[in-house]
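Student: With the input below, show me the fold.
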Amino acid sequence: MQEKRRSLIKKLFGSIVATTGLGFAAKAASHTTDEKEAHNVVYDQDIPLFSGHTILGNMVFIAGKGAHFVGDITSHTDHVLKELEKELIAAGSSMDKVLKVNVYLDDIKDYKGMNEVFKGRFGKKPPVRTTVAVAKGGVPGDSLVEMDCIAYIS
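Tutor: Now for the predicted structure:
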């Protein structure tokens, strides 16, 4: 009985994936290689710390970018979005291919100002987004905002 239920659930899920196009993740994983490609690796005393971006199949994962200078939320947001764009281009992608953005604000009061600069930067079909205000201690490097994203390469 339990095996029959599992089979039915698998068929149902398969039909949902087929009809909605949610199969991109499976295609991405099998697209080219099982090995991830790390780029722009940052080192801490000759030990790899993190990469600026990582590619797996046709997916690119961009590390968090911040603005480490004195300024307001609009100048910081503009800088961060330009840094994301540079990294996406270096990875062979672009702003209009971004699927997901995570936004980390030092202060939730900056939400409106960040949105004003964010608006329209990802083309006509904006990505899904999560925005949170960080806990005490703030965004690393005294940035008012940090963003990371996931995009595809075609």
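Student: shaky segments in this structure?
Tutor: Scanning the chain for pLDDT under 70 picks out 1-34, 38, 40, 42.
Student: Now the element after the top strand by length along it, going C-ward?
Tutor: Looking across the chain with DSSP state E, the single longest strand is strand 47-56. Using DSSP states H and E, the helix or strand that directly follows strand 47-56 along the chain is strand 59-66.
Student: List the strands paired with that following strand, with their directions.
Tutor: The pairing partners recorded for strand 59-66 under DSSP bridges are strand 47-56 (antiparallel), strand 145-152 (antiparallel).
Student: Export only the CA atoms of the longest one, formatted as CSV.
Tutor: Put plainly, it is strand 47-56. Provided in CSV are the C-alpha atoms of strand 47-56 (Å, rounded to 0.1, in the frame of the first residue of the first chain):
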residue,chain,number,x,y,z
ILE,A,47,43.4,29.0,2.5
PRO,A,48,40.4,29.3,0.2
LEU,A,49,37.7,31.4,2.0
PHE,A,50,35.0,31.9,-0.6
SER,A,51,34.4,32.4,-4.4
GLY,A,52,33.0,35.5,-6.1
HIS,A,53,30.8,33.1,-8.1
THR,A,54,30.3,29.4,-8.6
ILE,A,55,29.0,27.7,-11.6
LEU,A,56,27.2,24.4,-11.7
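Student: Could you tell me how far it lies from the centre of the chain?
Tutor: 14 Å (CA atoms, centre = their mean, to the nearest Å).
Student: Use 35 as the first number from now on
Tutor: OK, 35 is where the count begins now, so the last one is strand 81-90.
Student: Can you list the buried residues in it?
Tutor: Residues Ser85, Gly86, His87, Thr88, Ile89, Leu90 are the ones in strand 81-90 that count as buried (16 or more other CB atoms under 10 Å). The C-beta positions use only the backbone N, C-alpha and C, and glycine is treated the same way.
Student: for stretch 136-144, same thing?
Tutor: Val137, Tyr138, Leu139, Asp140, Asp144.
Student: Return the alpha-carbon coordinates of that stretch using PDB.
Tutor: What follows is stretch 136-144, C-alpha atoms only, in PDB (Å, rounded to 0.1, in the frame of the first residue of the first chain):
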ATOM      1  CA  ASN A 136      18.700  37.900  -1.300                       C
ATOM      2  CA  VAL A 137      18.800  41.300   0.200                       C
ATOM      3  CA  TYR A 138      20.300  42.000   3.700                       C
ATOM      4  CA  LEU A 139      19.600  45.400   5.100                       C
ATOM      5  CA  ASP A 140      21.500  46.900   8.100                       C
ATOM      6  CA  ASP A 141      18.300  48.700   9.100                       C
ATOM      7  CA  ILE A 142      14.800  47.800   7.900                       C
ATOM      8  CA  LYS A 143      14.000  51.500   7.800                       C
ATOM      9  CA  ASP A 144      16.100  51.500   4.500                       C
END
